[in-house]
Each structure stands twice: as C-alpha cells, then as structure tokens.
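K.L.:
Got a predicted model here, sequence first, then my questions.
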Amino acid sequence: MHAIDWARRGMASRRGFVFGLALAGVAVLAVIGCREELASDLDTNLPPDTYLTGFPAESTTTVYRVHLYWYGNDPDGLVTGYEYAITDSLLMDDDTLAYAYTTRTDSIFLMPVSSQAQVLGHRFYIRAIDNNGAVDPEPAWTFFGVADPLAPVAEFTLAQAWIGNPANPTILKNLTSTNVRTPTDTVPAGANVWFHWRGYDHDWIVDEDGTADTVGSVVGYRYFLFPGQAEIAGGPGDTVAVYRDSIDLVSAKYEFRLRAIDDAGFAGLDPALRTFVWNYDPNVRFEAGVDPDGDTLPHFFVTSGAWEGVREYFMGDTVPLIAASLFDVHEVNLEIPFYGYDPDDVRGEGVSNFEHQEQAGKWSSVGNDSAVVLVNQVSQDLDLRVRCQDGFERWDGSPAALPLYINRAPALLDTLGTDSFGHPILQYPRPNEVIPRDSLAAWGYTLPVRMRALDADATTNRFSYGFFICQDCTGGIYGTELSPAAGAIARANVPIDPRLREPGEYLLGVRVVESMPVSWGLKREQRVFIPYRVE
C-alpha cells in the first residue's frame, strides 16, 4: 500500500480512538467523579499525519532535481515542522534513517547520483511534528529512479610538453594521443608536462510552464597520472596539473585521466584522456660503407679458409660458402660493426648494455660495444638484431636489424656443354621457344627437357631437379624429380596434361636444389619459369 494511503488509514484510526476515549471519560466522571491524579497520568496528545501531495509517480525515473510537496495534519493541535530523509532504493527501518528538519511544505531536492552509474533508485521519507513534539510514527514516502540526463564534460584547453621557466616556457609539443596501448606522443627526457582544462554540465529540466531550463553545474574534478599518482579530487577552480622532469616523471608510458563532477555527484563514464611516453628510446645503427655502385649501405666483414684476408660485404649481399673437399666446407666468420646513441641524453650517460638476437631467439650480450662477431657459420638466412639501454635503463624499442645470407643459390646455364662434334648443347626449351603441336604428338605428349646447374660458390656440383608444366601460374607441384651424376646434364621427358596440349602459351617450372651434407646448413635452391609456345 502506498505511503499516503497508509497515512490516511492511520489518521482515521486515530480519530476513532479519540471519540471512544471521550465517551469513556464521560462514563467515569458520572460514576466516581473527577480525579485529578488520574487525569494527570494520561497523555491525550495525538500524533500528526503526513501526506505527500506532489511527487513523481512511484517507480518512475526522473532527473536528479526533484520538486516535492507535502503537508501535515494534527487532530488535536498544530503542525510546527517536518523531518525528511533520503535513502537508496532499499526499504530501511525508521531507526536507521537520518532525518533533517524543515518548516517548509515543499522543496527542490538534489538526489545524489553515483559517480560511475547514471541511474540509481531513491526513497524519500517525510514526517510531520506537532506543537507538543509528537512525530508521525508512519512517515509518508515515495520511491523513484533518479537519472543525471547528461554527463558532465571535461575538456583539455592545454596538454603540452615544455622546458624552461614555467612563466615563459619553451613548448616542445602538444599532446594529442589517446591511444593507451601505443601512445603516438613521446616526450624527451628533461621535459615537463602540464594539463589545463575546463568543464561544463548541460543538465536540464522542464519547468512547470513547459519550458526547458539548464540546471547543471560542475562542482569539481577528479584526475590522476598513471602510473605514479593516486586520484585527486579537486574543486571547481582546480583546473591545472603540472608534472616535473625526473621528479614526477621517469622513463615510462603514461595516461592522464580527467573527469568533471556535477552537482549531483556524477563524474561521467568516459574520462578525458591523454597518453604519452616520457624519454625517447636509445638507438642502434649498423655502421655503413660505400659499395662498388657508390651507394651507402650497412657493411660487414668476412673471413674464411677459402680466401686470404678480410672481405667487405654490404647489406643484401650473399656470402659465398665454398667446399674444402667432397666431405667438408670452409665455414665463415662475420664481424658486423654498429654504434649506439641516445637522442635525449640529458644525464650525459650515453648508452650501454648492447645485446644481439639471431632469428628472434634469446637476446645475448655483445662482447664489445662496437661489433657483433659470429664465428663458424654455414649456409643460412640470418636476421640479426642489436639493441642497447639508455641512462634511464630504457631499451631500444626498435632494434637495428640486418639480414645476412650465406651460400649463394645455384643458377641454370644457357650453354650446357658441347657434343662430340664440338657443337654447343643448349638448354631446352629455350625461353619463348615455339614448339609445333605435331612434335609434341611425336614425343608422346611429353616435353623433352635439358637443364644443367652451376653452383656459384663451388660448394657442390650435385643437384636435384624438378619440373612441372602449367599455364598462367606462379607455382605448382614439381612432379618430375631426378638427380643426375655430378656435373651431368639433367634430361627428362616431362608429361603434358591433356589440357595443356592445345596451341597456346605455357610455362615450364624448374626447381634446382643443392645436394650436400646436412651439417653444411640450409640447402639453397633456385626456381625459374621458362615460357614457351605451342602452335
């Protein structure tokens, strides 16, 4: 039953009680007369009743500013004031309510709104007090949801990195990044940062005459710099935060979060945000040289038992791997020079702790601060990376990378040798060779192939060959595999699929793979496509 109905029911019961009490008093006086000692022990004051006359419909949701109306009635005296209480949505015992006193019969109440949730239910209690201090034992109450219609907004007016005198600073950059995982703004070591902001609240209500009225206001802010700072609750004039070089800031990734608080206590759901990294990471660069074409490229130096002295190679070159015998190979030693530097070395400590990594493996300490030395290397593709630390112990976030290649791939020869008459034997088919369809039929719809490979490193003269025929393709299954004697010509009759026998343009795919011991490392291979035409 609604509180008003309960209040009315209580009022009717108390009036019946008064009438019965009066009749009883007349009867007693008629029999035994008036006794003052009994009359003085009776409390004849009746408590007042309380009624809510203007309020939102029960269980509905309204804005956090609520205009409520009420009145009280005392059956044997006067109502001199009221007490009211506001709680959350739970029904509470009267003993636990914290009442406040008023003499008004209406008021606009600011219902509190959770700082992290826009809707919260509330109960409003009101009880009358009469001129003898009696309090309505059954307060009138109502329940309704409370919502902050618009979250308060905090916006940055300045977000900057700066150095020098704060009264006349040198601005290094404006901070605009909001990416928490990967901030796009990096502040150099030695710089300070500051944030200036403002806030506004556009909450509104509809007045009794039907017009909309803006009622919200910002009463404070909450902000913090993460990591390193607990949240600060400031007043409406607290609109600046300054963080100092090496005092508040160390080498790290930071988030500055800011919320405005409105007069309902709501701080909004989405904070204003700025992210940045303080301290540029150090850098490593591979030393460069000038190659035979006049280009400046990272270089490295190689020694081997296959040649005398030191050879210089450049990024993109392949180091030759040469056989020492049929059963052995000359391993190679590489020296790759590098250097490191710190772009914001405010402490003058430079860089240190150089490490190198091979093939995305474990990082290992470099034996010196000027070159990576790799010894006894065999055939391989190697991705070498080098990094270092600066004076704040920050690692290079983008280590220097250099691809290294050892052992050159085999190559197909154009002239395969000479016959017994001294005539040159050529690769077949030749690029763009025209083959009559009748010839294919005479060959049993096979393509007679002649190929011979050479290893530019002289590591091996043994190869495995594979072939396939296709049309408008870039890959396939090398179905025909053969391994001729060392240095011999590879001859094969490659079957032609019925779909590839008609006049048209076709491709012969050829794969040549080195044959060598596993201990020599990666087997190099060469893949080529030779176009030919059937007419």
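P.N.:
The structure has been received and is ready for your questions. Keep in mind that this is a model prediction, so the values were computed, not measured. Numbering: from 1, shown residues only.
K.L.:
how much space between the nearest residue to S217 once chain neighbours are set aside and P271?
P.N.:
When the adjacent residues along the chain are set aside, S217 lies closest to D263, with 5.1 Å between them (CB to CB, 6 or more residues apart in numbering). C-beta coordinates here come from the backbone N, C-alpha and C atoms, glycine included. Between D263 and P271 the distance, using CB to CB, to the nearest Å, works out to 19 Å.
K.L.:
same question, V219
P.N.:
17 Å.
K.L.:
repeat for F314
P.N.:
Between F314 and P271 the computed distance is 52 Å (CB to CB).
K.L.:
for A306, same thing?
P.N.:
Between A306 and P271 the computed distance is 66 Å (CB to CB).
K.L.:
Same check on Y125?
P.N.:
Computed with CB to CB, the distance linking Y125 and P271 is 35 Å.
K.L.:
quick one, which of those two is more surrounded?
P.N.:
Between Y125 and P271, Y125 has the larger neighbour count (other CB atoms under 10 Å), namely 20 against 16.
K.L.:
for the stretch 101-250 of the chain, what spans make up the strands?
P.N.:
Along the stretch 101-250 of the chain, the stretches classed as strands by DSSP state E, counting those that start in this stretch are 106-110, 119-130, 140-147, 153-165, 168-174, 186-187, 192-200, 204-206, 212-214, 218-226, 232-234, 240-243.
K.L.:
partner strands of the first one, parallel or antiparallel?
P.N.:
Looking back up the chat, that one is strand 106-110. Each strand that pairs with strand 106-110, with its direction, by DSSP bridges: strand 65-73 (antiparallel).
K.L.:
So which bits of the partner strand are buried?
P.N.:
Neighbour-count burial for strand 65-73, counted by 16 or more other CB atoms under 10 Å, picks out R65, V66, L68, W70, Y71, G72.
K.L.:
For it, give the mean pLDDT please.
P.N.:
For strand 65-73, the mean pLDDT works out to 86.
K.L.:
go on, stretch 426-433?
P.N.:
Per-residue pLDDT over stretch 426-433 has a mean of 96.
K.L.:
Stretch 186-196 too?
P.N.:
For stretch 186-196, the mean confidence score works out to 97.
K.L.:
ok, and what's touching that stretch?
P.N.:
When contacts are defined by CB atoms under 8 Å, 6 or more residues apart in numbering, stretch 186-196 is touched by residues 156-163, 166, 169, 172-173, 175, 223, 239-246, 249, 251, 256, 258, 274, 276-280, 343-347, 392.
K.L.:
how far does that stretch sit from the chain's center?
P.N.:
Here stretch 186-196 is found 22 Å from its chain centre; the criterion is CA atoms, centre = their mean, to the nearest Å.
K.L.:
Make residue 1 into 48 and carry on from there
P.N.:
Yes, from this point I'll number from 48; that puts the last item at stretch 233-243.
K.L.:
Show the end-to-end separation of that stretch, please.
P.N.:
Across its full length, stretch 233-243 reaches 19 Å between end residues, using CA to CA, to the nearest Å.
K.L.:
you'd agree N226 is up against T322?
P.N.:
Yes: because the distance of 5.9 Å satisfies CB atoms under 8 Å, N226 is recorded as touching T322.
K.L.:
More neighbours: which of these two?
P.N.:
Taking N226 and T322 together and counting by other CB under 10 Å, T322 has the greater number of neighbours (21 against 10).
K.L.:
List the buried residues for the helix or strand hosting the more buried one?
P.N.:
In this structure, T322 sits in strand 319-325 according to DSSP states H and E. For strand 319-325, the buried set under the neighbour-count rule, 16+ other CB under 10 Å, comprises A319, R321, T322, F323, V324, W325.
K.L.:
Looking at those, which is nearest A335?
P.N.:
Out of the buried residues of strand 319-325, the one with the shortest distance to A335 is V324. That distance is 28.2 Å, counting by CB to CB.
K.L.:
Present the strands of the stretch 148-297 of the chain as TSV; the columns should include distance to L460.
P.N.:
Formatted as TSV, these follow (distance: least, CB to CB, whole Å):
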stretch	distance to L460
strand 153-157	92
strand 166-177	82
strand 187-194	84
strand 200-212	63
strand 215-221	60
strand 233-234	55
strand 239-247	66
strand 251-253	86
strand 259-261	87
strand 265-273	66
strand 279-281	78
strand 287-290	69
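K.L.:
So which of those strands is nearest G341?
P.N.:
That would be, of the strands of the stretch 148-297 of the chain and by CB to CB, strand 233-234, which comes in at 35.2 Å.
K.L.:
Point out where the chain drops to low pLDDT.
P.N.:
Applying pLDDT under 70 to the predicted model, the residue ranges of the chain that meet it are 48-90, 104-112, 136-141, 158-168, 192-197, 250-262, 315.
K.L.:
And the residue nearest the centre of it?
P.N.:
Centroid-nearest residue in the chain, with CA atoms, centre = their mean: R228, separated by 3.8 Å.
K.L.:
Let me see the contact set for that residue.
P.N.:
Under the criterion of CB under 8 Å, 6+ apart, R228 has no contact partners.
K.L.:
any idea how far it is from S298?
P.N.:
With distances taken as CB to CB, R228 is found 18 Å from S298.
K.L.:
Q436 now?
P.N.:
Using CB to CB, Q436 is found at 10 Å from S298.
K.L.:
ditto for G237
P.N.:
Counting by CB to CB, the gap between G237 and S298 amounts to 12 Å.
K.L.:
same question, E359
P.N.:
E359 sits 38 Å away from S298, taking CB to CB as the criterion.
K.L.:
I am finished for the moment; much appreciated.
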